[in-house]
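Visitor: Return atomic coordinates for the entry below.
(4 chains)
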There are 2 protein chains.
Amino acid sequence: MTDQGSTLLAFFKAMADESRLRIVGFLAVRERSVQELAELLALKEPTVSHHLAVLRGIGLVSARPDGTTRWHALNPKVLRQMNRELLDNKSVVAFAKSEVDPESRVLSGFLDSDGRLKSIPVSRRKLVVVLKWLVAQFEENRRYRESEVNETIQRRHWDSARLRRELIGHRMMSRNRGVYWRTPQAEWREVDSLGRY
Amino acid sequence: MTDQGSTLLAFFKAMADESRLRIVGFLAVRERSVQELAELLALKEPTVSHHLAVLRGIGLVSARPDGTTRWHALNPKVLRQMNRELLDNKSVVAFAKSEVDPESRVLSGFLDSDGRLKSIPVSRRKLVVVLKWLVAQFEENRRYRESEVNETIQRRHWDSARLRRELIGHRMMSRNRGVYWRTPQAEWREVDSLGRY
DNA sequence: TATCTACTTAGATAGATATCTATGGAGAGA
DNA sequence: TCTCTCCATAGATATCTATCTAAGTAGATA
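Guide: Model (predicted):
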């Protein structure tokens, strides 16, 4: 899967920084606040915040609010998963071939050099490919206001209303009282090879 | 060791690039020349040369001269080795012991995906493993009120009273007039391989 | 309500690096 | 020796990003 490949790349990018590696080491012992980490690493709080955001982005770290402080903890599951992918070079091979992946070829046809969507596919099958890419722009386990959803989409295409509806329609995103979030992939609508339900 | 850490960091840095990940993928299938890779990746030869130098730098790739061409191949041993280091490195990725260390395999069987304790082991040996993990949630050289102890434990399991008693019983924590602290590890109760005193 | 604390976000900057073009070097064959 | 091929190195450039300061937000407390 292309998704595996990009997950792998995101994982390596996240770990390819000394400060973040050290943060992971500290979190391995017990959960920590931003302040504690800033002290331990001799960095300013915003810098630590930035690194933690990266680590949360790959799901390796989770945050637990407690008053005004946020306790950050490691999610060892992700680590184990990544180890399995590393040992099994199938996923690495798959990554190399990702350009050959039909989905990626479809997608690259609809993106311009800035990574923006040139047009919305008419074909349902291709639309699903594009929507998969679009929903990946949103963080998992995060709640968005509608305005945030629109802004995120508009960084990729002007017609945020249309694309927002499509994401909801394909159940790639969920909505309740004006709050939006990414639907876990297992709950997406089933589509066949032609993009039909 | 710092050296292990920097090796690990170098490894992640080397893998944290899309082109290099794809090169590794292609080399996983069979050895390739610089020209072939340049063609496959749609990059110029010097760029590929640069990436191969990085991969050779961490020992992941080796080159075999043959006339004017150099055949580059993957060294799968290194990939496995890196995995082991990733799991072994105490200073940077201590948590990764969880795969190698028998204790951590026991532990992972009792933890759910949120890092909470699913149940309290009946086996004494396994209980000790779980208690070691639990006591690591507390800071060293810090004094806790009983309510704090309970809260900390309850983030991991509902039965804080039972687990608090076990920690005290195994002398992993000490108590005096309602104040608790972590016992230095040297003063824990001796246990044999079956978890008996 | 006002203030303090812990954190996040925005914006700027400096350093790293992925990629390119141009050039150099070494083996193979005439 | 001359030339061709394949690759490496040097240097330039543009993009990325780790870090900082300044400002904003939200919970806790008085």
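Visitor: From now on I want contacts and neighbour counts done on CA atoms only, so please keep to that.
Guide: Noted.
Visitor: Distance check, the closest residue to DNA strand D within chain A against A:K44.
Guide: Nearest residue of chain A to DNA strand D: A:G67, at 3.4 Å (CA to the nearest atom of the strand). Using CA to CA, to the nearest Å, we find A:G67 at a distance of 21 Å from A:K44.
Visitor: hmm, back to that, just give me the neighbour total for the residue of chain A closest to DNA strand D.
Guide: Per other CA atoms under 10 Å in any protein chain shown, the neighbour tally for A:G67 reads 6.
Visitor: For chain A, which residues are neighbours of DNA strand D?
Guide: By CA under 7 Å from any atom of the strand, the part of chain A that sits against DNA strand D consists of A:13, A:16-19, A:42-48, A:50-51, A:66-68.
Visitor: Quick one, which of these are buried?
Guide: Among the residues of chain A next to DNA strand D, those buried by neighbour count (16 or more other CA atoms under 10 Å in any protein chain shown) are A:K13, A:A16, A:D17, A:E18, A:S19, A:V48, A:H51.
Visitor: show me the contacts for the third one.
Guide: For A:D17, the set of contacting residues under the criterion of CA atoms under 8 Å, 6 or more residues apart in numbering or on different chains consists of B:L9, B:K13.
Visitor: got the phi/psi numbers for it?
Guide: Per-residue torsions, A:D17: phi -150, psi 130 (degrees, to the nearest 10).
Visitor: Kindly report the same for the second one.
Guide: Main-chain torsions, A:A16, degrees, to the nearest 10: phi -90, psi 40.
Visitor: Go ahead and confirm it touches A:L55.
Guide: No. Using CA atoms under 8 Å, A:A16 is not in contact with A:L55, being 11.3 Å away.
Visitor: about what we covered before: what about the buried ones among the residues of chain A next to DNA strand D, which are in strands?
Guide: Among those, DSSP state E puts none in strands.
Visitor: Take the residues you listed and write them to CSV, including pLDDT.
Guide: Below are those laid out as CSV (pLDDT from 0 to 100):
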residue, pLDDT
A:K13, 95
A:A16, 94
A:D17, 93
A:E18, 87
A:S19, 91
A:V48, 97
A:H51, 97
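Visitor: From the residues you listed, which land in helices?
Guide: Among those, the ones falling in helices (DSSP state H) are A:K13, A:E18, A:S19, A:V48, A:H51.
Visitor: Let me know the closest of these to chain B.
Guide: Of all these, chain B sits closest to A:K13, with 4.6 Å by CA to the nearest CA.
Visitor: Name the nearest residue to that closest one, sequence neighbours excluded.
Guide: Using CA to CA, 6 or more residues apart in numbering or on different chains and skipping the chain neighbours, the partner closest in space to A:K13 is B:A16 (4.6 Å).
Visitor: residue contacts, the one you found?
Guide: B:A16 touches A:L9, A:A10, A:F12, A:K13, A:A16, counting by CA under 8 Å, 6+ apart.
Visitor: Distance-wise, check it relative to B:R171.
Guide: For B:A16, the distance to B:R171 - CA to CA - is 45 Å.
Visitor: quick one: least confident helix or strand in chain A?
Guide: One helix or strand of chain A scores below all others by mean pLDDT, DSSP states H and E: helix A:89-96, with a mean of 60.
Visitor: what stretches of chain A score poorly on pLDDT?
Guide: Applying pLDDT under 70 to chain A flags the ranges A:1-6, A:86-109, A:111-116, A:137, A:139-142, A:186, A:189-197.
Visitor: Domain map for it?
Guide: Domains of chain A are assigned by automatic domain parsing as A:2-78, A:101-187.
Visitor: right, so those domains: which one is the most enclosed?
Guide: domain A:2-78 (a mean of 18; mean count of other CA atoms under 10 Å in any protein chain shown).
Visitor: quick one: that one near DNA strand C?
Guide: Yes. Using CA under 7 Å from any atom of the strand, domain A:2-78 reaches DNA strand C at A:33-36, A:45-46, A:48-50, A:68-71.
Visitor: Tell me where chain A has helices.
Guide: Going by DSSP H, chain A shows helices at A:2-15, A:18-29, A:34-41, A:45-57, A:76-87, A:89-96, A:102-110, A:124-135, A:146-154, A:160-169.
Visitor: just checking, what packs against the third one?
Guide: For helix A:34-41, the helices and strands in contact under the criterion 3 or more CA pairs under 8 Å, 6 or more residues apart in numbering or on different chains; DSSP states H and E are helix A:18-29, helix A:45-57, strand A:69-74.
Visitor: what's the spacing between the residue lying closest to A:R143 once chain neighbours are set aside and A:R171?
Guide: For A:R143, ignoring the flanking residues on the chain, the nearest one in space by CA to CA, 6+ apart is A:W181 at 5.0 Å. Applying CA to CA, the value for A:W181 to A:R171 is 10 Å.
Visitor: tell me the contacts of the closest residue in space to A:I23 that isn't next to it in sequence?
Guide: Spatial nearest neighbour of A:I23, chain neighbours left out: A:L37 (7.0 Å); criterion: CA to CA, 6+ apart. Listed by CA under 8 Å, 6+ apart, the contact partners of A:L37 are A:I23, A:F26, A:V48.
Visitor: picking up where we left off before, any chance of the helices and strands packed on helix A:34-41 in CSV, with distance to A:L167 too?
Guide: Output for these, formatted as CSV (distance: least, CA to CA, whole Å):
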stretch, distance to A:L167
helix A:18-29, 33
helix A:45-57, 21
strand A:69-74, 31
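Visitor: hang on, the earlier thing: and the helices of chain A as CSV, adding distance to A:W188?
Guide: Below are these laid out as CSV (distance: least, CA to CA, whole Å):
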stretch, distance to A:W188
helix A:2-15, 15
helix A:18-29, 32
helix A:34-41, 35
helix A:45-57, 21
helix A:76-87, 22
helix A:89-96, 23
helix A:102-110, 17
helix A:124-135, 10
helix A:146-154, 18
helix A:160-169, 10
